[in-house]
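*Asks:* Predicted model and sequence below, questions to follow.
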Amino acid sequence: MRRLFICIILIIVVLQLSSCTFGGRGILTFSDDKKVDAHFGQLTDAIKNKDKDAIKTIFSKQALEEAESIDESIEYLLTLIQGEIKSWKNENWGSDGVVENGKTVLTEIKSWYKVTTEKDEYLFFLLDYTKDIKNPDNVGLYTLRAIKEEDRETHFTYWQDMKIAGIYMPKE
């Protein structure tokens, strides 16, 4: 009876750990940080080159369909980032996923970056789907929020609240 109880407790602990992130790194996949960094590098290159089409190609088809005023929000992003990008750093990331019948059918990655230009510092939040077996149009960047570092308290919140299709543009 005691062994059964211990086995049940161990199963519960393993299930809890596998459904969350641990120490800022995802339990599901450990190589996703490289994918996310490569994606973010493409984004910063597109911003440096003021390449609106390249920014659009980073987003998933589904995000582009659901986003409000994607062209206007890309213009906002390019206007927001002032000066030449000098550096960027992945501050944190985490992954979640959906597993059905022992197979991963969806992988969602949330990442936070700090970008430094010659004029200012910025924070970025990205929500990326690297895998979606049921909806391939969902693969790609879904959410992008870029703000000045000084606006952290007013424009950065829980990731669930920042999950919108496309690029965040504050209401004025």
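*Replies:* Great, that's in hand. Computed from a predicted model, the values in this text were never measured in an experiment. Numbering: from 1, shown residues only.
*Asks:* Show me which residues of the helix or strand containing residue 73 are buried.
*Replies:* Following DSSP states H and E, one finds residue 73 within helix 70-80. Going by neighbour count (16 or more other C-beta atoms under 10 Å), the buried part of helix 70-80 is 70, 73, 74, 77, 80. In short, each C-beta sits where N, CA and C put it, glycine included.
*Asks:* For the second one, give me its contacts.
*Replies:* The reference is to residue 73. 67, 166, 167, 168, 169 (C-beta atoms under 8 Å, 6 or more residues apart in numbering).
*Asks:* burial count for the residue lying closest to residue 165 once chain neighbours are set aside?
*Replies:* Counting by C-beta to C-beta, 6 or more residues apart in numbering, residue 165 lies nearest to residue 66, which is 3.6 Å off, once chain neighbours are set aside. Residue 66 has 14 neighbouring residues, counting by other C-beta atoms under 10 Å.
*Asks:* Could you report the distance from the nearest residue to residue 121 once chain neighbours are set aside to residue 120?
*Replies:* Excluding the flanking residues, the one nearest residue 121 by C-beta to C-beta, 6+ apart is residue 149, at 3.9 Å. Going from residue 149 to residue 120 by C-beta to C-beta, to the nearest Å gives 7 Å.
*Asks:* likewise residue 63?
*Replies:* For residue 63, the distance to residue 120 - C-beta to C-beta - is 26 Å.
*Asks:* Settle it for me: which of those two has more neighbours?
*Replies:* Using other C-beta under 10 Å, the more surrounded residue of residue 63 and residue 120 is residue 63, with 25 against 14.
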